[in-house]
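J.: mind looking at a prediction? Sequence and model below.
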Amino acid sequence: MTAVIYHNPTCGTSRNTLAIMQASHEPPEVIEYLTTPPSQERLVALITMMGITPRELLRQKEALYRELDLDDPKVDDQTLIDAMIAHPILINRPIVVTDKGARLCRPSERVFALLENPVDTFTKEDGEQVSPSSPMSN
């Protein structure tokens, strides 16, 4: 299987994750999810593969999150999924899928666990060095 990254090129975490994959010689299929959002079925499948709830995938820093009252704990999963489908900016990123599984790679070093042959060390855009043994990698 070709690895896939649901990517936002304006996001530093997403750029770092993609760069780690490329440095590891595992270039993924890049899906810019803001212009090519996942279908509802695919979004539900991704959530299931990652073993998280729809609420855990929501990008809570977006103003739209509060405007739509998605911070209300009474809002059900289907409503959250519908909101992410209608407004892909609400989907947290990057999401990476490989033969080893799927996960939300925040922070970017979480991608190491999904790679067959991860690079030994990687320097992020901000100068921080990370490796497969970094505390947040697992």
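T.: The structure has been received and is ready for your questions. Numbers count the residues shown, from 1 in each chain.

J.: who does the helix or strand harbouring residue 6 pair with, and is each partner parallel or antiparallel?
T.: Following DSSP states H and E, one finds residue 6 within strand 4-7. Using DSSP bridges, strand 4-7 pairs in its sheet with strand 29-32 (parallel), strand 95-98 (antiparallel).

J.: ok, residue 108 touching residue 11?
T.: No: between residue 108 and residue 11 there is no contact under Cβ atoms under 8 Å: 9.8 Å. Heads up, the C-betas are built off the backbone N, CA and C, glycines and all.

J.: joint contacts of the two?
T.: residue 94 (Cβ atoms under 8 Å, 6 or more residues apart in numbering).

J.: okay, those two: which has more neighbours?
T.: Between residue 108 and residue 11, counted using other Cβ atoms under 10 Å, the more crowded position is residue 108 (27 against 18).

J.: that one: what's it in contact with?
T.: For residue 108, counting by Cβ under 8 Å, 6+ apart, the contacting residues are 13, 14, 16, 17, 20, 94, 124, 130.

J.: I'd like the strands paired with strand 4-7 as CSV, with mean pLDDT, mean neighbour count and distance to residue 72 appended.
T.: Shown next, in CSV, are the strands paired with strand 4-7 (pLDDT from 0 to 100; neighbours: other Cβ atoms under 10 Å; distance: least, Cβ to Cβ, whole Å):
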stretch, mean pLDDT, mean neighbour count, distance to residue 72
strand 29-32, 98, 16, 30
strand 95-98, 98, 24, 24
